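Student: Structure of the sequence below:
(2 chains)
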Amino acid sequence: MVRSLTRTAALIGRARREYAGQVEQVGTVGLWLLIGLLLVVGVVYARQYLVTGIIVGSIIALGALGITLIYGILKFGHFAHGDMMMFGAYVALGAFVGGGSIGPLSFGWGMILAIFVSMTALGAGSIAIDRLVYRPLRQRGSSAVVLAIASLGVAIVLRAVMLLWWGPDQQLYVSGIHPAKDFPFDIKLKPDQIFIVATAFLLMTLVYLLLFRTKMGKAMRAMSDNADLARVTGIDTEQVVMWTWIIGGALAAVAGILLGIQSNMKPELGFTLLLPLFAGAVLGGLGSPQGAFVGAMIVGISQEVFVGIDLPFPPFGVPGYKPAVAFGILILILLVRPRGLFGKT
Amino acid sequence: MRVLEARDVVSGYGEVEILHGVSIGVEEGEIVTIIGPNGAGKSTLMKTMFGLLPVRKGKVFFAGEDVTGLAPQVMVGKGMCYVPQSDNVFPTLTIHENLEMGAFIRRDNYRGRMQEIYGLFPDLAERRGVRAGKLSGGQRQMLALARALMLEPRVLLLDEPSASLAPNMVELVFAKIQEINRSGVAMVMVEQNARHALALSHRGYVLAMGQNRLEGTGEGLLNNEEVGKLYLGG
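Tutor: Have a look, this model is predicted:
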């Protein structure tokens, strides 16, 4: 029994090595077909869930964009990103004083102000954490694993601070009932949800312009390509690192606030967010900003659409299987195309 | 005047000492080639002068100024640029963006310089929107040279500019190096293709086992019996 198992494993291993190229080609085509199928099924059978998926996907995309930028520049997986998002949500809660009103939204101008306060705080906080934790490790030449574990430590500290300051119970920005409005094609949407998607897309457009139109953005892409060459060329790599943290931190803050608007806040929520965040970033290809957007959208949409399809077996129909869907996507992409949809070879 | 000078430089990696006191000098407007067997310390010398490796003993001077131990970013600002042997372009950036990165530390308007560079490398001008990763080996080498020239350096350090290029591209790259030199830029080259490099060099140095072995004019070294036997393949 054991011998036949090992023999089978060896056979599979050999086949994988021999057909590696084909596996990736066939797998990539298969992956895109699956994504297409998912969208079609969503549009036909689960339109409301598809729309929710786009909302969740745009929130995940803001976080995944930060993860992918940090990975590109500093070459480590930033495991504190989910907790940073939640921290941003809580900072905005602290800064949110209400007041003003914007059309049909559940909040007013006070929220816009709170968003800016939180973005600033998280941007500055990220630099402080880098100076305190990551830069000393970097200067010592620590490996990516050491830096990733350090970020896990930072995540735990952030969560502890949130628990101490704001307590373990879930919190809301604005309580009360905010009814959804009817839209064509049997879709119901709250005005707040349109705000979420609009804000996320606006910020992603700004990041795109920054990366492709400004000198600092181009330097970020250059350093992501080849950090040694960037240094030799005279690019101030520490300045690039600083801007990466500012952008990553500010995006995380907004992502957390939007999540708080969509559902609620809870200190532990940050950690459970890591899975869809990384699934999105890896699916798109770590280091690729366009990839992070596409990957996060796919993860967000599949999580919701799988719940919306009414089939009597998992992972369909039951919200509890959402993480399993994200995990499934992560495993599939790592098996078939580890560099992701838009990743470099 | 000597634009670049290494005086009794000792350097290496970690525990291993590779250079045991090497001295070279480069006059204004010269092409100087460093040759020697594998492991002689040619690339190490270049990296040490540029500040990529720490100077353990000895001194490095740039235009008479002591620049020993300064970081590459500072060297670049003073007018010394370096082109690594491989991976010397940013593959996902376009040709134009690569050149912009070459001018990263410039605070002035460098549009004029960009036009001059495109004039010097017309092939790059035609394809300025193309990603560098799509270019052939020879074109990449040209782009790497062009990028290093964006800062109008006084000295250019080239680590094996002809390595792994097709023979016809080697000709083109060497011709371009001579053309750049005629515009007044001094060059220090490390080359495997020693015969070819010495032929266009004003002077050359032969290193062996981390020490100076010989020095002379390019022509003198080409005709030297010992150099011929040991390093130029008879």
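
Student: can you list the weak-confidence ranges in chain A?
Tutor: Within chain A, the stretches with pLDDT under 70 are A:1, A:345.

Student: Strands along that one, start to end?
Tutor: Listed in chain order, the strands found in chain A under DSSP state E are A:181-183, A:187-189.

Student: buried ones in the last one?
Tutor: By that I understand strand A:187-189. residue A:189 (16 or more other C-beta atoms under 10 Å in any protein chain shown). Using the backbone N, CA and C atoms, a C-beta is placed for each residue, glycine as well.

Student: That strand: how far from the chain's middle?
Tutor: Distance of strand A:187-189 from its chain centroid, counting by C-alpha atoms, centre = their mean, to the nearest Å, is 24 Å.

Student: rewinding a little: in a markdown table: the strands of chain A, plus distance to chain B.
Tutor: Listed next are the strands of chain A as a markdown table, based on distance: least, C-beta to the nearest C-beta, whole Å:
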| stretch | distance to chain B |
| --- | --- |
| strand A:181-183 | 39 |
| strand A:187-189 | 37 |
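
Student: Let me have those in a markdown table, extended by distance to residue B:154.
Tutor: Formatted as a markdown table, the entries for the strands of chain A read as follows, by distance: least, C-beta to C-beta, whole Å:
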| stretch | distance to residue B:154 |
| --- | --- |
| strand A:181-183 | 66 |
| strand A:187-189 | 64 |
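
Student: and residue A:73, which of the ones you listed is closest to it?
Tutor: Checking the strands of chain A against residue A:73 by C-beta to C-beta gives strand A:187-189 as the closest, at 36.4 Å.

Student: what lines up beside that closest one in the sheet?
Tutor: strand A:181-183 (antiparallel) (DSSP bridges).

Student: who's in contact with the residue in chain B that chain A sits nearest to?
Tutor: Nearest residue of chain B to chain A, counting by C-beta to the nearest C-beta: residue B:76, 3.7 Å away. For residue B:76, the contact set (C-beta atoms under 8 Å, 6 or more residues apart in numbering or on different chains) comprises A:232-234, B:105, B:151, B:153.

Student: Show me what from chain B comes close to chain A.
Tutor: B:50, B:52, B:72-73, B:76-77, B:82, B:84, B:87-93, B:97, B:100-102, B:104-105, B:147, B:151 (C-beta under 8 Å from any C-beta of the partner chain).

Student: phi, psi of residue B:60?
Tutor: phi -120, psi 130 (degrees, to the nearest 10).

Student: Might you report the residue contacts of whichever residue of the stretch 151-300 of chain A sits closest to chain B?
Tutor: Closest to chain B within the stretch 151-300 of chain A is residue A:234: 3.7 Å, counting by C-beta to the nearest C-beta. Residue A:234 makes contacts with B:72-73, B:76-77, B:104-105, B:151, as judged by C-beta under 8 Å, 6+ apart.

Student: If we use 10 Å, what do you get?
Tutor: Taking C-beta atoms under 10 Å, 6 or more residues apart in numbering or on different chains, we find residue A:234 in contact with B:72-77, B:81-82, B:101-106, B:148, B:150-151.

Student: Read off the pLDDT value for residue B:234.
Tutor: What the model reports as pLDDT for residue B:234 is 49.

Student: Not counting residues beside it along the chain, what's closest to the residue of the stretch 151-300 of chain A closest to chain B?
Tutor: If the residues on either side of it in the chain are set aside, residue A:234 comes closest to residue B:76, at 3.7 Å by C-beta to C-beta, 6 or more residues apart in numbering or on different chains.

Student: same thing with residue A:315?
Tutor: That would be residue A:321: by C-beta to C-beta, 6+ apart, it lies 3.6 Å from residue A:315.

Student: any idea how far the one you found is from residue A:306?
Tutor: 7 Å (C-beta to C-beta, to the nearest Å).

Student: ok, these two, which is more surrounded?
Tutor: More neighbours surround residue A:306 than the other of residue A:321 and residue A:306, with 26 against 17 (other C-beta atoms under 10 Å in any protein chain shown).

Student: where do the helices sit along the chain?
Tutor: All of this is about chain A. Remark: helices assigned in chain A by DSSP state H are A:2-18, A:20-45, A:47-74, A:81-95, A:109-129, A:135-139, A:144-166, A:191-213, A:215-225, A:227-233, A:237-262, A:269-284, A:289-308, A:322-336.

Student: other chain: chain B
Tutor: B:42-50, B:72-78, B:95-102, B:111-120, B:122-126, B:137-149, B:167-182, B:194-199, B:218-223, B:225-231.

Student: Which residues outside the fourth one are in contact with it?
Tutor: Looking back up the chat, that one is helix B:111-120. B:95-96, B:99-100, B:102-103, B:106, B:110, B:124-126, B:128, B:142, B:145-147, B:149-152, B:176, B:179-180, B:183.

Student: Any quick PyMOL command for the buried ones out of the residues you listed?
Tutor: To isolate the buried ones among the contacts of helix B:111-120 in PyMOL, judged by 16+ other C-beta under 10 Å, type:
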select buried, chain B and resi 95+96+99+100+102+103+110+124+125+142+145+146+147+149+150+151+152+176+180
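
Student: Skip the chain neighbours and tell me the closest residue to the residue nearest the centre of chain B.
Tutor: Nearest residue to the geometric centre of chain B (C-alpha atoms, centre = their mean): residue B:158, 1.7 Å. Leaving aside its chain neighbours, residue B:158 sits nearest to residue B:189 (4.6 Å; criterion: C-beta to C-beta, 6+ apart).
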